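Participant: Need a 3D model of the following:
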Amino acid sequence: MISRRSLLKAGVVGGATAVAPGFIGSALAQDRAKTLVIAAPATPLSLDVENSLSLGTIDTVAAFYDYLIEFGKVPDPKVPGVMREDLAPNASLPGGYNLKGKLAESWEFAPDGKSVRFVLRKGVVSNWGNPFTAKDVKYTFDRKFEVKGAGSFMTSVMGLPNKDAVVVEGEHVVSFKLDSPNPILMIVCGHLANPIFDSVKCQEMATADDPWSRKFLDTNVAGFGPYSLKTIVRGQQMVATARPDYYDEKPFFETVVYREVPASATRLQLLNGGAVDIAQALAPTELKSLAASAKAQVTSIEASQMLWVELNIAFKPLDNPKVRQALNYAMPKDEIVSTILQGFGKKQTAFMPDFYPGVTSEFYNYDFNIEKAKALLAEAGFAEGFSTTLAYNAGDPIEEPIAIMYQTALKKIGITVELKKLPAGTFFDSLVKRTEPMIFNLDAPFTPDPGFALNLYFHSGSFLDFSNYKNEKADALIKQSLSTLDEKARMAATKEAQKIINDDAPWALIANPGFHLAHGKDVGGIVYYTSNRLNFQDYKRV
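Facilitator: Predicted coordinates for the structure are as follows:
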């Protein structure tokens, strides 16, 4: 059994024979009580959300950066001792939700929904010691318009028409001015992909070839969050240290080690032995085994993640809605949840997370039914079936067994499926480029709003419309839901859009896998976020 001390001292996990520079001395000097060690499948692909939203990036960005606002927290109604974001709309509050100021101290959301004015917190400094001002907010959004990464979607869904829409009104006052009402402007300000950058440091590191410091921010941070980056060596580990000059509540853990451990079996072994405090991305059978562990446990939480198969309408015969409906009826969801997921999750019955405001399963009618699937194929003119390909991620331990089970079910209705096992990097490239007729997807809309969620995946102009889905009526309803403050009208529009999408069936629904944190029994302070991230600053030793 690898001990915690030998892990930190030798750095031999997962075949790595070297440690990050400067780590040995700092790690061993720390009291174990104040050091959080995480075993993850990989180190962050980037520390800049404009470059990547990989698992490692999602897990680490909120440690280094802060946001203008965040949701207030409430106790999880189903899991004692766990907190979660308060997602309930509340029209009596500015911005329509229970929001807490972070870098923004207060705000005025215009009654017409076309602007918000933020009064920013004074006395805040970045990890480089630069004071926080309205210029940092302005720089952050100017960068989004210029870099055109994830920020392009953010500015679009926030309704920002151009860079001039973000206006510096004073050293600690900034406003966003829109052409049309936007009901989710405020909550999108707290989206994981909207951190505020230290403009002074970013501009200092800019070059003629890299005016927005993308290379620097790929492996460095310039933010106002509770941690500073000590070291990052890709393929080995990242080390973060708590900032003594952080303006808000200081984190319990003074040092966080985010260690790359590629094999889930090794991550499980390290957790069981007490060498790490959290083990990421364990297989369902491994999660189940922790019930007998003396040192570790699993905390399972209702979550925003969804698992489905994209049905790419650009490929025939997937352009036929009856064929897509048949593919849904042939998905053995209950069996997948009970056997492959080992009960860690539930079958998916909606096209957005099932606890988001405005979601409905009223139109869902895709329980496993081979005879119904056969009848639909016959109606579509494919009574004898057809051949196609299903691609899956070799890096995800549950996708291959699901693919095999689905392949077997589809054979019963005459569809021959070639399974295509893709390495993780190739898989995501194929997903984004939409090169496969059928491909798995595991994702979540981080902003808990039906208009946001539907816009993200089903609007024909979205960069995440991997099914090449287009329905003009659905597009219009989604747009309508994002351009009015009338909550009743918004919910009516998203409900109608959900019915259209359900009938068009651009996804083969599988499951809501849930969020399952495998952690030491002495780790508490768990808070669930719709981004499904680890939040280092929440955790405590108990």
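
Participant: Output the below-cut-off pLDDT ranges for the chain.
Facilitator: 1-30 (pLDDT under 70).

Participant: In it, which helix is the longest?
Facilitator: Ranked by number of residues, the top helix in the chain under DSSP state H is helix 487-504.

Participant: nearest spatial neighbour of Asp418, skipping sequence neighbours?
Facilitator: Just to correct that, residue 418 is Glu rather than Asp. Thr389 (4.7 Å; CB to CB, 6 or more residues apart in numbering). Backbone N, C-alpha and C define where each C-beta goes, glycine included.

Participant: Relative to whichever helix or strand comes after the longest helix of the chain, what are the paired strands and their orientations?
Facilitator: Following helix 487-504 in sequence order, the next helix or strand is strand 507-512 (DSSP states H and E). Sheet partners assigned to strand 507-512 using DSSP bridges are listed as strand 306-311 (antiparallel), strand 346-347 (antiparallel).

Participant: who's in contact with strand 507-512?
Facilitator: Contact with strand 507-512 is made by 302-303, 305-311, 324, 327-328, 331, 333, 336-337, 341, 345-349, 351, 353-354, 366, 402, 406, 438, 441, 467, as judged by CB atoms under 8 Å, 6 or more residues apart in numbering.

Participant: The next helix or strand after that strand - contacts with which helices or strands?
Facilitator: Going down the chain from strand 507-512, the next helix or strand is strand 515-520, by DSSP H and E. Under the contact definition 3 or more CB pairs under 8 Å, 6 or more residues apart in numbering; DSSP states H and E, strand 515-520 sits against helix 264-272, strand 278-279, helix 284-289, strand 296-301.

Participant: For stretch 335-346, list the C-alpha coordinates in PDB.
Facilitator: Extracted in PDB, the C-alpha atoms of stretch 335-346 (Å, rounded to 0.1, in the frame of the first residue of the first chain):
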ATOM      1  CA  GLU A 335     -30.600  -1.900 -17.200                       C
ATOM      2  CA  ILE A 336     -27.700   0.500 -17.700                       C
ATOM      3  CA  VAL A 337     -28.500   2.300 -14.400                       C
ATOM      4  CA  SER A 338     -28.900  -0.900 -12.400                       C
ATOM      5  CA  THR A 339     -25.900  -2.900 -13.800                       C
ATOM      6  CA  ILE A 340     -23.300  -0.700 -15.300                       C
ATOM      7  CA  LEU A 341     -23.900   2.400 -13.100                       C
ATOM      8  CA  GLN A 342     -24.500   0.100 -10.100                       C
ATOM      9  CA  GLY A 343     -27.400   2.300  -9.100                       C
ATOM     10  CA  PHE A 344     -25.200   5.500  -9.000                       C
ATOM     11  CA  GLY A 345     -27.700   7.600 -11.000                       C
ATOM     12  CA  LYS A 346     -31.100   7.400 -12.600                       C
END
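
Participant: how about the strands paired with strand 507-512, which one is nearest Ala222?
Facilitator: Minimum separation from Ala222 across the strands paired with strand 507-512 (CB to CB) falls at strand 306-311, 33.0 Å.

Participant: If you count neighbours, what's buried in the closest one?
Facilitator: Across strand 306-311, burial judged by 16 or more other CB atoms under 10 Å covers Met306, Leu307, Trp308, Val309, Glu310, Leu311.

Participant: Please apply the same query to stretch 263-283.
Facilitator: 264, 266-283.

Participant: before we move on, what about stretch 329-337?
Facilitator: Those would be Tyr329, Ala330, Met331, Pro332, Lys333, Ile336, Val337, for stretch 329-337 by 16+ other CB under 10 Å.

Participant: Which residues does the longest helix of the chain contact?
Facilitator: 89, 91, 96, 183, 321, 324-325, 350-352, 357-360, 362-365, 450-451, 454, 458, 469, 471, 473-474, 477-478, 480-481, 484.

Participant: Report the inter-axis angle for that helix versus strand 306-311.
Facilitator: 50 degrees (axes from the mean of the first three to the mean of the last three CA atoms, to 10 degrees).

Participant: Dump helix 487-504 to PDB, restricted to CA.
Facilitator: Output of helix 487-504 as PDB, limited to C-alpha atoms (Å, rounded to 0.1, in the frame of the first residue of the first chain):
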ATOM      1  CA  GLU A 487     -41.300  34.400 -15.900                       C
ATOM      2  CA  LYS A 488     -44.600  32.800 -16.900                       C
ATOM      3  CA  ALA A 489     -44.000  33.500 -20.600                       C
ATOM      4  CA  ARG A 490     -40.400  32.200 -20.300                       C
ATOM      5  CA  MET A 491     -41.500  28.900 -18.700                       C
ATOM      6  CA  ALA A 492     -44.300  28.500 -21.300                       C
ATOM      7  CA  ALA A 493     -41.800  29.000 -24.100                       C
ATOM      8  CA  THR A 494     -39.200  26.500 -22.700                       C
ATOM      9  CA  LYS A 495     -42.000  24.000 -22.100                       C
ATOM     10  CA  GLU A 496     -43.100  24.100 -25.700                       C
ATOM     11  CA  ALA A 497     -39.500  23.900 -26.900                       C
ATOM     12  CA  GLN A 498     -39.000  20.800 -24.700                       C
ATOM     13  CA  LYS A 499     -42.000  19.100 -26.400                       C
ATOM     14  CA  ILE A 500     -40.600  19.900 -29.800                       C
ATOM     15  CA  ILE A 501     -37.100  18.600 -28.900                       C
ATOM     16  CA  ASN A 502     -38.500  15.500 -27.300                       C
ATOM     17  CA  ASP A 503     -40.400  14.700 -30.500                       C
ATOM     18  CA  ASP A 504     -37.400  15.400 -32.700                       C
END
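
Participant: and it, which residues are buried?
Facilitator: If you call a residue buried by 16+ other CB under 10 Å, then helix 487-504 has these buried ones: Arg490, Met491, Ala493, Thr494, Lys495, Glu496, Ala497, Gln498, Ile500, Ile501, Asn502, Asp504.

Participant: Check stretch 76-90 too.
Facilitator: Asp76, Val82, Met83, Arg84, Glu85, Asp86, Leu87, Pro89.

Participant: quick one, what contacts the residue nearest to the second one when sequence neighbours are not counted?
Facilitator: Nearest non-adjacent residue to Val82, counting by CB to CB, 6+ apart: Asp76, 4.2 Å away. Taking CB under 8 Å, 6+ apart, we find Asp76 in contact with Val82, Met83, Arg84, Ile301, Glu302, Tyr528.

Participant: Check the gap between Gly525 and Pro80 for me.
Facilitator: Here Gly525 is placed at a distance of 14 Å from Pro80 (CB to CB, to the nearest Å).
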